[in-house]
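[1] Fold the following, please.
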Amino acid sequence: MYAVIATGGKQYRVREGDRLRVERLDAEEGAEIEFDRILLVGDGDQIAIGRPFVESGKVAATVKGHGRHKKIKVVKFKRRKNYLRQHGHRQNFTELEIKSITAG
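    All right, here's what the predicted structure looks like:
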């Protein structure tokens, strides 16, 4: 069974037991959280598509930790104009482990 969830302005395809990094959530490490914005649930040939969300669909996950991604360099450059601006960015994330998916 798999599901497509929406969180942090992005969509993720998840299965039970998956670990994924999403935009930082306000939850303690080890806490159980539930996602109710389920866009799609699939189980073999059975697919439930939400309009916009699947009713009574839930995905339960455990927060495994928080961290920051690797630094990316942001560069603005104009040739022959003596113009160069550089800075870096590290995005915060929350690592989750998917425990269960229910279609309802």
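[2] Next, the most centrally placed residue in the chain: secondary structure please.
    Note on the chain: the residue nearest the mean C-alpha position is Val22, at 3.3 Å, using CA atoms, centre = their mean. Here Val22 is recorded as strand under DSSP: H, G, I helix; E, B strand; the rest coil.
[3] For this structure, which segments are assigned as strands?
    Counting by DSSP state E, the segments of the chain that form strands are 2-7, 10-15, 19-23, 32-35, 38-43, 46-49, 58-68, 72-78, 83-89, 92-102.
[4] just to revisit the earlier point, I'd say the residue nearest to the centre of the chain and Leu96 touch.
    Yes. Counting by CB atoms under 8 Å, Leu96 is a contact partner of Val22 at 6.2 Å. Placement of C-beta: from N, CA and C, glycine included.
[5] one step back: as TSV, the strands of the chain with mean pLDDT would be great.
    As requested, those are exported to TSV (pLDDT from 0 to 100):
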stretch	mean pLDDT
strand 2-7	96
strand 10-15	97
strand 19-23	97
strand 32-35	96
strand 38-43	94
strand 46-49	91
strand 58-68	97
strand 72-78	98
strand 83-89	98
strand 92-102	96
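[6] how about Val22, what does it touch?
    Thr7, Gly8, Lys10, Tyr12, Phe93, Thr94, Leu96 (CB atoms under 8 Å, 6 or more residues apart in numbering).
[7] can I assume the fifth one is in contact with Lys70?
    No. Between Phe93 and Lys70 no contact is recorded; they are 10.9 Å apart, counting by CB under 8 Å.
[8] In terms of neighbours, single out the busier of these two.
    Neighbours were counted for Phe93 and for Lys70 using other CB atoms under 10 Å; Phe93 has more, 18 against 7.
[9] ok, and the closest non-adjacent residue to the more buried one?
    Spatial nearest neighbour of Phe93, excluding adjacent residues (CB to CB, 6 or more residues apart in numbering): Arg21 at 4.3 Å.
[10] Name the residues linked to that neighbour by a beta bridge.
    For Arg21, the beta-bridge partners are Glu95 (DSSP bridges).
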